[in-house]
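Asks: Any chance you could fold what I've pasted below:
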Amino acid sequence: MRHACRSFFLDQMKTQPQVYHSEPTIGPNFKVCLAIVAGVYFLWAALHPDHWRLIDGVNLVIHEAGHLIFRPLGEFMTVAGGSLFQVAVPTIFAGYFHFNKKYFSSALVLFWVGASMLNVSVYAADSVVMQLPLLGGDNSIHDWNYMLDRLNLLRSTGAIALAIRACGTLTIVFATIWALYTARRVANTH
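Replies: A predicted model of the protein is given here:
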């Protein structure tokens, strides 16, 4: 019985690579279509950054975690840590995929980086009027009001928010081009 079980598991281990290699991968045409759909969707998001999207919920959780992670660095960094972490997390994922030569995956994650920046730009733009609902309610600190006030930059709110939005939009444009390029490159090698 023990010999039969051992033999069964060894046979499974031998066939595992064969099964893995026989699984279909995403074809280059599908990648091109995915890049186009993602590009159009996220460019639409760049035109309407104030609309709530599902990914914004993920960004919000990461944003709030950033406050806790940056807490040991003092009050200013605790407040800034939310927006920093919100952009850093998808950037780290994009870098991971790029480092591992998964260029198409890296390009897709860059869409998330751009969307995160758009989200941050909306928060920054709200720093003077402070109309966005905050998780902690009326007693919460508005991150961008606090940061820009401490840096004596509240009067530059519009320019700062626009610069962040432009960076997010350019990241999305680059992600679209990079995703199409990598998908087409794969298509040309097959």
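
Asks: residues in contact with the closest residue to Ile141 other than its chain neighbours?
Replies: Among residues not flanking Ile141 along the chain, Val79 sits closest, at 6.3 Å (C-beta to C-beta, 6 or more residues apart in numbering). (C-beta placed from N, C-alpha, C; glycine too.) Residues counted as contacts of Val79 (C-beta atoms under 8 Å, 6 or more residues apart in numbering) are His67, Ile141, Asp143, Tyr146, Met147.

Asks: Which residue in those residues has the weakest pLDDT?
Replies: On pLDDT alone, Ile141 ranks lowest of the contacts of Val79, at 88.

Asks: Need the three-state assignment for it.
Replies: Using DSSP: H, G, I helix; E, B strand; the rest coil, the structure places Ile141 in coil.

Asks: Identify each buried residue in the host helix or strand of Thr176, please.
Replies: Here Thr176, judged by DSSP states H and E, is contained in helix 157-189. Under the neighbour-count criterion of 16 or more other C-beta atoms under 10 Å, helix 157-189 has 157, 160-161, 164-165, 167-169, 171-172, 175-176, 178-180, 182-183, 186 buried.
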